[in-house]
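>>> Can you look at this prediction? I've put the sequence above it.
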Amino acid sequence: MKFNITVIPGDGIGPEVTAQAKKALNAIADVFDHTFLYKEGLMGACAIDQTGNPLPEETIILCEKSDAVLFGAIGDPKYDNDPTAKVRPEQGLLRLRKELGLFCNVRPVKAYDRLIEKSPLKRERIEGTDITIYRELTGGIYFGDKSLSDDGKVAFDGCSYTVDEIERIAHLAFQAAQNRRKKLTLVDKANVLETSRLWRKTVTALASQYTDVTLDFLFVDNAAMQLILNPKQFDVILTENLFGDIISDEASVIGGSIGLLASASIGKENALFEPIHGSFPQAKGKNIANPLASILSAAMLLEHLGLNEEFLAIEKAVQKSLELGITTEDLNPNKPFSTSKVGDFIADYIQNQDDSNINFQNIHMGQSTII
Ligand code: IPM
Ligand code: MN
């Protein structure tokens with residue numbers, strides 16, 4: 001089959017890791033006889049540098065016309081350290097989420113067997129953890145009214161949610177739970193926030209349509225603690241935008257590296273796939289960043305296009321790279337492989353699927369001829 005994919009490499013390590021995800025997609029195209037047509041779009045600090053705009057109109061149009069978007073990372077320290085900057089790279093991503101209607105952000109968190117020792121958390125606590133976070137992505141305080149008083153002494157960020165905004169993602173989270181271990185936890189702050197009370201009321205009302213799913217509730221402060229104390233208690237977590245941003249970074253510690261967490265941002269008509277890690281500017285251009293989150297994001301893209309076998313082929317290759325320690329320095333400090341070597345291994349494994357393959361052995365020894 002033929003698919004149009006918009007690639008937005010973005011800032012920092014984005015271009016390097018996205019290039020590896022493309023290698024994986026090309027290997028899939030080869031093996032499964034698909035055609036992926038890529039077009040590149042600009043977004044983020046690099047877009048500001050080139051056009052003055054963090055999200056040029058052409059990029060939005062490209063994304064709207066494509067079957068899926070693969071995105072790298074956004075952000076640059078020159079903006080992070082300047083609170084007076086009027087235009088910021090992150091505005092590009094936030095606007096793109098809004099323009100494409102990407103209201104549902106799915107973030108899977110797994111404790112991979114091979115990496116359990118990498119996590120600062122104890123094996124017995126995290127072994128077997130398998131959580132999917134459903135983070136609302138186009139509402140809440142991220143998109144509320146904002147203001148700063150003329151004297152610069154009072155700042156305001158408003159937070160609002162409508163029943164419709166809550167229902168559309170809640171349905172998807174309930175359905176995900178039905179296909180998994182049938183437990184849904186709504187994370188909110190309903191003891192303090194009016195918006196959280198609306199979330200509880202709305203989600204509770206929907207529960208009668210999903211009687212096979214057990215629904216429970218946790219305040220976000222307690223959820224933050226429970227994620228570390230006993231992450232295995234969670235199956236699907238549903239939460240609003242800001243809480244989801246925070247607890248998904250926290251949950252990444254369970255997996256051993258934030259460099260492993262992929263995400264899908266889904267709307268009615270569009271879908272975008274990105275690693276949850278940031279632009280990691282310290283590593284930019286050094287060929288040391290972990291590309292697995294980007295590669296796994298490409299896998300989620302395939303799953304979204306209905307290509308399940310293809311999705312599994314990438315997952316299997318990633319498992320293999322973890323098993324063999326063909327990983328970057330965050331996971332393999334003693335004998336690290338470069339970003340591009342990890343990408344080459346994944347592509348090679350997808351194509352050959354054969355542990356005795358010559359390239360495979362060479363890569364394992366860090367001497368592949370194809371690299
Ligand atoms: C994320 C990021 C973004 C967010 C930033 C870059 C705007 O942290 O995707 O989690 O806060 O949503
Ligand atoms: Mn984040």
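Nice, I can see it. Ligands and ions are numbered 1, 2, ... in the order given.
>>> For burial, what's the neighbour tally of the residue of the stretch 51-200 of the chain found nearest ligand 1?
Closest contact between the stretch 51-200 of the chain and ligand 1, by C-beta to the nearest ligand atom, is at Glu90 (3.9 Å). For the C-beta atoms, the positions are set from N, CA and C on the backbone; glycine is no exception. Glu90: 17 surrounding residues under other C-beta atoms under 10 Å.
>>> what sits against it?
Pro54, Ile74, Gly75 (C-beta atoms under 8 Å, 6 or more residues apart in numbering).
>>> switch the cut-off to 10 Å
Gly44, Ala45, Pro54, Ile74, Gly75, Asp76, Tyr79, Asp80, Tyr142, Gly278 (C-beta atoms under 10 Å, 6 or more residues apart in numbering).
>>> do the same with Leu261
107-110, 133, 248-249, 251-252, 254-255, 275-277, 292-293, 296-297.
>>> Run through the residues you listed and flag the ones next to ligand 1.
Ile276 (C-beta under 6 Å from any ligand atom).
>>> Buried subset of the contacts of Leu261 as a ChimeraX selection?
ChimeraX command restricting these to the buried ones, with burial defined by 16 or more other C-beta atoms under 10 Å:
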select :107,108,109,110,133,248,251,252,254,255,275,276,277,292,293,296,297
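>>> what's the residue lying closest to Leu261 once chain neighbours are set aside sitting at in phi/psi?
Once flanking residues are discounted, Leu261 sits nearest to Ile276: 4.4 Å by C-beta to C-beta, 6 or more residues apart in numbering. Dihedral pair for Ile276: phi -80, psi -10, per degrees, to the nearest 10.
>>> Any buried residues in the longest strand along the chain, and which?
Taking DSSP state E as the criterion, the chain has its longest strand at strand 2-10. Under the neighbour-count criterion of 16+ other C-beta under 10 Å, strand 2-10 has Phe3, Ile5, Thr6, Val7, Ile8, Pro9, Gly10 buried.
>>> can you put those residues in JSON lines and add distance to Met225 and pLDDT?
Putting these into JSON lines (distance: C-beta to C-beta, whole Å; pLDDT from 0 to 100) gives the following:
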{"residue": "Phe3", "distance to Met225": "42", "pLDDT": "98"}
{"residue": "Ile5", "distance to Met225": "40", "pLDDT": "98"}
{"residue": "Thr6", "distance to Met225": "39", "pLDDT": "98"}
{"residue": "Val7", "distance to Met225": "39", "pLDDT": "98"}
{"residue": "Ile8", "distance to Met225": "36", "pLDDT": "98"}
{"residue": "Pro9", "distance to Met225": "37", "pLDDT": "98"}
{"residue": "Gly10", "distance to Met225": "33", "pLDDT": "98"}
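>>> What are the phi and psi values at Phe273?
Torsion angles, degrees, to the nearest 10, at Phe273: phi -130, psi 130.
>>> Next one: it from ligand 1, what distance?
Computed as C-beta to the nearest ligand atom, to the nearest Å, the Phe273 to ligand 1 distance reads 12 Å.
>>> Tell me the bridge partners for that residue.
Applying DSSP bridges to Phe273 gives these bridge partners: Leu70, Ala264.
>>> can you count the residues close to it?
Around Phe273 there are 26 residues (other C-beta under 10 Å).
>>> per-residue pLDDT, the residue of the stretch 51-200 of the chain closest to ligand 1?
Note for Glu90: predicted pLDDT of 96.
>>> who does the longest strand of the chain pair up with?
In the sheet, strand 2-10 lines up against strand 35-40 (parallel), strand 68-73 (parallel) (DSSP bridges).
>>> just checking, next helix/strand downstream of it?
Heading C-terminal from strand 2-10, the first helix or strand you meet, by DSSP states H and E, is helix 14-32.
>>> Briefly note if that next one comes near ligand 1.
No - judged by C-beta under 6 Å from any ligand atom, helix 14-32 stays clear of ligand 1, getting no closer than 11.2 Å.
>>> for that helix, packing partners?
When contacts are defined as 3 or more C-beta pairs under 10 Å, 6 or more residues apart in numbering; DSSP states H and E, helix 14-32 packs onto strand 2-10, strand 35-40, helix 45-51, strand 68-73, strand 271-275, helix 292-304, helix 308-324, helix 339-352.
>>> And the residue of the stretch 101-250 of the chain closest to ligand 1?
Closest approach between the stretch 101-250 of the chain and ligand 1, counting by C-beta to the nearest ligand atom: Asp245, at 4.5 Å.
>>> Check the secondary structure at that residue for me.
helix (DSSP: H, G, I helix; E, B strand; the rest coil).
>>> With adjacent residues omitted, what lies nearest to it?
Nearest non-adjacent residue to Asp245, counting by C-beta to C-beta, 6+ apart: Arg135, 6.9 Å away.
>>> try Pro231
In space, Pro231 is closest to Thr129, 4.5 Å off (C-beta to C-beta, 6+ apart).
>>> again, but for Leu272
Val69 (4.1 Å).
>>> coming back round to it: direction included, what does whichever strand or helix holds the residue nearest to Asp245 pair up with?
Per DSSP H and E: Arg135 is located in strand 130-136. When sheet partners are counted by DSSP bridges, strand 130-136 sits next to strand 104-110 (antiparallel), strand 236-239 (parallel).
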